[in-house]
Structure formats: C-alpha cells, structure tokens
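**Student:** Mind folding the following:
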Amino acid sequence: MGIHVYNTLTRKEEPLELISPGKVSIYVCGPTVYDDPHLGHARPAVVFDVITRYLKAQGHAVTYVRNLTDIDDKIIEKARQQNRDFKTLGGHYANRYHEAMRRLNVAAPDAEPKATDHILHMRDFISKLIQRDHAYQSRGNVYFAVESFKNYGRLSRRTVPSISSNFSVEQGKRHPADFALWKEAKPEEPSWASPWGSGRPGWHIECSAMSSRLLGENYDIHGGGADLVFPHHENEIAQSESLFGKTPANYWMHNGLVYIAGEKMSKSLGNALNLHGLLEIHRPEALRLFLLTKHYRHPMEVTHPALHEASARLSKLYRFLFRSAWSDAESGELGINRGALWTRFCNAMGKDFNFPMALSVLFEGIRQVNLVSGNSRDAVGADPACRAISLVSDIFFICRDVLGIAPEPSMDAWPYETETKLSDGKLQTATFRRAS
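**Tutor:** Just a heads-up that it's a prediction; the model follows:
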C-alpha cells in the first residue's frame, strides 16, 4: 500500500519512493547523554519506533540508525561539576536512556553510533571540506563557510543575511553564520589529535560523518525533533551536500515538540518531566499511547485530561485484549491473513503516518467486534463469528507488531493510581496505592 510522507525539505507530502525497492534506510538524531531523559526525548523515540515497525509490517527491510551524542559542551560541564570523567558520565546517562526506552518497548536501533567512536571519520570529512574550499582553518578551529554553499537555508527557509543577523562575529570567523566543524582544545577538556591541532568535533559534523559511514552518501529518511531543523539539520545538509554533491536524505521528517502550559519542555526552563519518574507512576504503555494521540508533526501539550484519557483508552484496549484471549492471538490461532481492518489502518498510516486516525480505526474495530459478536448475522449477511475473528486478528497484530503495545499478564498487576494537575504552571503528579 502506498505511503505519503511530509518532507520538510520540500514542504509538501510526497509518495515514499525508496532508493532500493523493499529497503528503507533511516537515520534519527538521538539524545545528548548528560542527564536523565524527559518526556520530550521519548516522543521521537516512540514516533520513529512505530514508523519503523509499520514499514517492517509492510514487508520492507529497514535499517534504522539512531546516534548518541557523547561529547558536547553540556557533557563536559556536568562532568567538571561532578568531578567525573566525561565518558563515565555519558555512559551512565546512556544506560538511563536505554532503560527508559526498554520500559517504553522502544526497539533497539540496528546501529547506535557514539560520536567518540567516529572521530577519525569526522576528521577525514573535515579535511575533504577544506580541500573543496567549503571550510577553513582559523588557529586551532575549523569553520564551515556558509557562503560557499549556495543552497544554505533551504531546509529552514532562511537566507544567509537573515541568519547572520542572529549571530555575533567570533574572532577568526569570516562570516557570522559560519559554524564550527572542529573546536580548538581548551585546558582540561577532552581532546583528540588532528591536522589542525588538538581539539574535538563540532556537533553538526558528528551526524554527517556517522550517517554517511553507516548508511552511505544518500539514504531514505532523516528524522528528529522540530527543534533540530535549524541549525543542526540545516548544517548537516550543507556539509554533506558540499562533500558528496547530493542531499544526505531524500525525506526529512520532524516530530513536533512537547509542551507544558504553553512552554516547550526543556531542562533549561525547569519544566522537563523526568521520564523515569513518569514511568514509576504511569503504565509505560499508557505513556506510549499518549505520545501517539497527536499527529507526529504537531506539537503536543501534556495535560491532566490527556494523560488520563490515554490511561482510559489503554484500559479499554486491555479489557478487550484479555477478553479476546491474548495468548491464543500470540500463538497464531486467530490466523495470519490481514483483513479489512488492517487495510483501513494502512490507509490511515499511509497519510503521513497519521497516528490519531490509525488509532481511531483500531478502536472502531473493537466496537465492531463487540457489535458483531452479539449478532447472529451482520448487516451484509456474513458469518459474524468469522468476521469477529478476522477483526480480532488484525487488532492483535496492530497492537503487538505495529504500535508495540502489549498488555501485562494481569490487569491487577499495577497497584497505583495517579492524580495529575497543573500547579503554578508546572505539571505535578501525585501517586497513591489503589484501594484493595
């Protein structure tokens, strides 16, 4: 079935035409590991996990790469504050991120490159950009020359003059918007040897080097949060296209950001909801379902009603799954041929992965099962038992294989109830044991 994808690069929905038929290559920007993950980090992970699952369910072979940024100003500063080695600090928070992803049932990517494991490739990338006059050395720094790339600003719809007005002129730069590919080493900071002196890579060059190394000069999809469009993804395109003569990815997909009381969720604003804390008081599947209740491109607001609505929908789904013998569905006794419900689900997902529409199809299927199970004959004269089995089979497949939502062994296994509300502009959640 056809899939249309909204491409940020062209600002329109386009049919997904793969470089190699039947194979999909995806690169998604992962976290910078200097602190615990928050709910905003969970959204791209869940979004692209479901997209990847759906593509596989459609028969595609998917190669999914999600990186870890393990060298960065924030990591260095936090390691200094805590008197810890930056690798130890980054490894700790990478493990915390992985644990949260496991609890959310986010499948591990096929590859998860760390920036510090690809310094050699980054240095080689930078050297070639210098050779092609797209970059220049200034003391121990190397900068990308934005004016050397005529298409700079194409992704974010910005022009170099408007971009430059937002940047101050640093000493050694030729243009205010030029960005660092290699940063000169500072005292007591981690550094690596290079032709330009000891230093470390800039953030943007990391993804360009790792994606091209693992997926090639041109791959199908590049994903990430909407806050990465500029400057990160804009700069990735500039670097890669300057070197290879082609855009690194054919489709650029960006998920909307998570907001609380109208403000973007971020650690700097102090309104980030710690993901591990949320997972202690909410079912992981409920949080996962909540993150699918908005179209992936749209921003989403965390509110008390929205969280409780997700929990209510999950309970409805669980009641249905348990009533319909989940164990039988898992063993394949309900059949493997996809039916009409799956077709409608695919029609929704084919419209730029419209999660809310796809979820409405799923819950409509539950309603239909309840209706036909109580009738001896349905409206078109089909055997209701056969029709119900087909619907149930599709529902199980969608929940387990595409949405990644599988119920716990017992509905009573979760002993907590939660109460969430906004207080002084911040979301606060109280937890208490359910009455026995």
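**Student:** can you list the domains in the chain?
**Tutor:** When the chain is parsed with automatic domain parsing, its domains come out as 15-258, 282-418.
**Student:** Go through those and pick out the most buried.
**Tutor:** The highest mean neighbour count among these, using mean count of other C-beta atoms under 10 Å, belongs to domain 15-258: a mean of 19. Backbone N, C-alpha and C define where each C-beta goes, glycine included.
**Student:** okay, how far is it across it, tip to tip?
**Tutor:** Using C-alpha to C-alpha, to the nearest Å, the span of domain 15-258 from its first residue to its last is 27 Å.
**Student:** same deal with stretch 4-24?
**Tutor:** Across its full length, stretch 4-24 reaches 14 Å end to end, with C-alpha to C-alpha as the criterion.
**Student:** returning to that earlier point: could you dump the domains of the chain to TSV with mean pLDDT and distance to Ser266?
**Tutor:** Below are the domains of the chain laid out as TSV (pLDDT from 0 to 100; distance: least, C-beta to C-beta, whole Å):
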stretch	mean pLDDT	distance to Ser266
domain 15-258	95	7
domain 282-418	78	13
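**Student:** Serialize these to CSV and add fields for distance to Met265.
**Tutor:** Conversion of those to CSV gives the following (distance: least, C-beta to C-beta, whole Å):
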stretch, distance to Met265
domain 15-258, 4
domain 282-418, 7
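**Student:** so the closest residue to His121 other than its chain neighbours, which of the three states?
**Tutor:** Nearest non-adjacent residue to His121, counting by C-beta to C-beta, 6 or more residues apart in numbering: Ala209, 4.4 Å away. Classification of Ala209 into helix, strand or coil gives helix, according to DSSP: H, G, I helix; E, B strand; the rest coil.
**Student:** what's near enough to touch Ala209?
**Tutor:** Ala209 makes contacts with His118, His121, Met122, Asp124, Phe125, Pro201, as judged by C-beta atoms under 8 Å, 6 or more residues apart in numbering.
**Student:** now the helix or strand harbouring Leu181, how far from the chain's geometric center?
**Tutor:** Under DSSP states H and E, the secondary-structure element containing Leu181 is strand 179-184. Taking C-alpha atoms, centre = their mean, to the nearest Å, one finds the center of strand 179-184 at 27 Å from the center of the full chain.
**Student:** all helices of the stretch 51-200 of the chain, in order?
**Tutor:** When assigned using DSSP state H, counting those that start in this stretch, the helices of the stretch 51-200 of the chain occupy the ranges 73-82, 86-103, 119-131, 160-164.
**Student:** now for the ones you listed, which one comes closest to Leu362?
**Tutor:** Using C-beta to C-beta as the measure, helix 86-103 is the one of these that comes nearest Leu362, at 22.4 Å.
**Student:** contacting residues around the closest one?
**Tutor:** Contacts of helix 86-103 with the rest of the structure, by C-beta under 8 Å, 6+ apart, involve 31, 33-37, 41-42, 45, 68, 70-71, 75-76, 78-79, 82, 108, 114, 116, 190, 275-276, 279, 284.
**Student:** Repeat the analysis, applying 6 Å as the threshold.
**Tutor:** The set of residues external to helix 86-103 that reach it, using C-beta atoms under 6 Å, 6 or more residues apart in numbering, is 31, 33, 36-37, 45, 68, 70, 75-76, 79, 190, 275-276, 279, 284.
**Student:** Could you do stretch 72-80 as well?
**Tutor:** Thr32, Tyr34, Phe86, Leu89, Gly90, Glu189.
**Student:** Would you mind giving both backbone torsions of the first one?
**Tutor:** Per-residue torsions, Thr32: phi -90, psi 120 (degrees, to the nearest 10).
**Student:** gap between the nearest residue to it once chain neighbours are set aside and Pro113?
**Tutor:** The shortest distance from Thr32 to any residue other than its chain neighbours is 4.1 Å, reached at Thr69 (C-beta to C-beta, 6+ apart). According to C-beta to C-beta, to the nearest Å, Thr69 stands 10 Å off from Pro113.
**Student:** ok, Glu285 - contacts?
**Tutor:** Applying C-beta under 6 Å, 6+ apart, the residues near Glu285 are Leu314, Ile405.
**Student:** re the thing from before, separation between the residue nearest to His121 and Leu278?
**Tutor:** Relative to Leu278, Ala209 is positioned 34 Å away (criterion: C-beta to C-beta).
**Student:** Over to Pro305?
**Tutor:** Distance from Pro305 to Leu278, by C-beta to C-beta: 16 Å.
**Student:** so where do the strands sit in the stretch 301-436 of the chain?
**Tutor:** When secondary structure is read from DSSP state E, counting those that start in this stretch, the stretch 301-436 of the chain shows strands at 416-423, 426-433.
**Student:** Look up which residues are beta-bridged to Met253.
**Tutor:** Applying DSSP bridges to Met253 yields these beta-bridge partners: Gly223.
**Student:** burial count for the residue lying closest to Leu39 once chain neighbours are set aside?
**Tutor:** If you skip the residues right next to it in sequence, Leu39 has Leu273 as its closest partner in space, 4.6 Å away by C-beta to C-beta, 6+ apart. Other residues within reach of Leu273, judged by other C-beta atoms under 10 Å, total 20.
**Student:** Equivalent analysis for Leu269, please.
**Tutor:** Around Leu269 there are 10 other residues, counting by other C-beta under 10 Å.
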